[in-house]
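1. fold the following for me, if possible:
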Amino acid sequence: MKDDWKKRLDNPEEFTAALYQRTDELYQVTDATPDDSGMILCPALIMRDIVVFPRMVSPIFVSPGQNLDAINYVQKNGGTMVGLMLKDSEIENPASGDYLEVGVEVAVGRLLTLQDGNASALVQGRRRIKIMEIIEHDSFTWVKGFVVNDNPISDRQIEALMRTSRDLFEKCVQLDRSLPDEAHLFSINISEPGWLADMIATAISLPFEERLELLTIMEPKERLKKVNWLLAQELDVLQLEDEIQNRVQSEVDRSQREFYLREQLKAIQNELGEGDIWTRELTELRSKIEQKKMPEEAKATADKEIERMTQMPPMSPEVGIIRTYLDWIIDLPWGETTDDNLDVRHAGKVLNDNHYGLGKAKDRILEYIAVKSLKPKKERQPILCFTGPPGTGKTSLGQSIATALGRKFVRLS
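-> Next comes the predicted model:
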């Protein structure tokens, strides 16, 4: 009853044929026959993080334990099983109250041995089962429950719901690349509302809790309403993802186009012997910074900003900001000094020639120059601060001081 995984991997065509064969074998398994009260008794297949809807086929992975023992029993004696869905997949030793009140009768195909010692099999959902009793056995669990059949009813409202579901599902198939186009074609050929709801719920990406809720809805009409609501939500998310993806793709295409054009421009400039203008500008900036006698901290900052510029497109807005900052650093008179003329008489003559009155201010300026002349090489010197309303001579006094000392006068604002 078991096949070897390694042998199948050696021949992919044989593996595919075996997979189709296992699917066909599922349809040969007959449903359990209800007793006079409409109940069936079958071995339980405990499912974690997976919901198998009726008429849907899904792979399952089985570890050694009661699930494997139950499957071996069924494959030996024939018949179907009842899938029990755990409300919380984290529970290690579940009790009767930890299972969903609705299960699914499933047919289990042949086991496929995996390399890690576990097994895999295909299961096909058959009917919903209203769980009435869970019977613990020595090696595995049995389930007793009522068979729930979808009543094949049809009215105008159900027909409208089915059309809406198909239309929404078609849009989801167009936007979701994980859904094959054949999924929509398959939905068109489904004439029963309950089957259509279960098929769509299996195809689209739904949270585990939503799948459990759909499984418990017995009425096909209500189930289809719930699926319509979920399809509308899924479509909103897919449309938003598609919009974001198109926007990102557009930005990527534009960046690639700019890069391609820049490379072409660079090749043309190199062919003409002109070189890359952007590279030349960066080289000139590095050269100017090297020529300036900057402190180590200032030079490190300037080099860091140039490195940032090399990693940006030349037309980036931030490049202009960094370039202005570097030009300002380069224009500062790093290491450039002038010899001060500390002649107090000359300073007094300049102040008297340019200003009338302001005796206290002139005396304080001359006092400052006289003190500075005593220790001209002292690093820390006092700073003169002029305060007063506009037009009282603060700026002109500063210009006179610069003239007297032989320095350049600079205004900062």
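2. those helices in the chain, which residues are they?
-> 5-9, 12-27, 66-77, 156-175, 181-188, 193-203, 208-216, 220-271, 277-291, 296-310, 317-331, 344-354, 359-374, 394-405 (DSSP state H).
3. now those as CSV including distance to E101?
-> For glycine as for every other residue, the C-beta is placed from the backbone atoms N, C-alpha and C. Formatted as CSV, these follow (distance: least, C-beta to C-beta, whole Å):
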stretch, distance to E101
helix 5-9, 36
helix 12-27, 26
helix 66-77, 20
helix 156-175, 25
helix 181-188, 28
helix 193-203, 18
helix 208-216, 7
helix 220-271, 16
helix 277-291, 70
helix 296-310, 63
helix 317-331, 61
helix 344-354, 101
helix 359-374, 95
helix 394-405, 90
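4. could I get those helices as CSV with distance to F140, mean neighbour count and mean pLDDT?
-> Listed next are the helices of the chain as CSV, based on distance: least, C-beta to C-beta, whole Å; neighbours: other C-beta atoms under 10 Å; pLDDT from 0 to 100:
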stretch, distance to F140, mean neighbour count, mean pLDDT
helix 5-9, 24, 13, 43
helix 12-27, 21, 12, 66
helix 66-77, 4, 18, 88
helix 156-175, 38, 16, 89
helix 181-188, 34, 14, 86
helix 193-203, 26, 24, 89
helix 208-216, 22, 17, 89
helix 220-271, 30, 14, 82
helix 277-291, 73, 14, 79
helix 296-310, 66, 13, 84
helix 317-331, 67, 13, 84
helix 344-354, 108, 15, 75
helix 359-374, 101, 14, 76
helix 394-405, 98, 17, 76
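5. nearest to S89 among these would be which one?
-> helix 208-216 (7.7 Å; C-beta to C-beta).
6. point out the other helices and strands that the closest one packs with.
-> Judged by 3 or more C-beta pairs under 8 Å, 6 or more residues apart in numbering; DSSP states H and E, helix 208-216 is in contact with strand 102-108, helix 193-203, helix 220-271.
7. could these go into CSV alongside distance to V57?
-> Shown next, in CSV, are those (distance: least, C-beta to C-beta, whole Å):
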stretch, distance to V57
strand 102-108, 9
helix 193-203, 9
helix 220-271, 19
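8. out of the ones you listed, which comes closest to V350?
-> Among these, helix 220-271 comes nearest to V350, with 54.7 Å by C-beta to C-beta.
9. angle of the closest one against helix 208-216?
-> Helix 220-271 runs at 150 degrees relative to helix 208-216, counting by axes from the mean of the first three to the mean of the last three C-alpha atoms, to 10 degrees.
10. tell me how far helix 220-271 lies from the chain's centre.
-> For helix 220-271, the separation from the chain centroid amounts to 13 Å (computed by C-alpha atoms, centre = their mean, to the nearest Å).
11. stretch 60-77 too?
-> Relative to its parent chain, stretch 60-77 has a centroid offset of 40 Å by C-alpha atoms, centre = their mean.
12. kindly export it (C-alpha atoms) in CSV.
-> Extracted in CSV, the C-alpha atoms of stretch 60-77 (Å, rounded to 0.1, in the frame of the first residue of the first chain):
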residue,chain,number,x,y,z
ILE,A,60,-2.1,15.9,3.6
PHE,A,61,1.1,14.9,5.5
VAL,A,62,0.9,12.2,8.1
SER,A,63,3.3,11.6,10.9
PRO,A,64,3.5,8.3,12.7
GLY,A,65,0.7,8.1,15.3
GLN,A,66,-3.0,7.6,15.5
ASN,A,67,-3.7,9.3,12.1
LEU,A,68,-1.3,6.8,10.4
ASP,A,69,-2.8,3.9,12.2
ALA,A,70,-6.4,5.0,11.3
ILE,A,71,-5.4,5.4,7.6
ASN,A,72,-3.8,2.0,7.5
TYR,A,73,-6.9,0.5,9.0
VAL,A,74,-9.2,2.1,6.4
GLN,A,75,-6.9,1.1,3.5
LYS,A,76,-6.9,-2.5,4.8
ASN,A,77,-10.6,-2.7,5.4
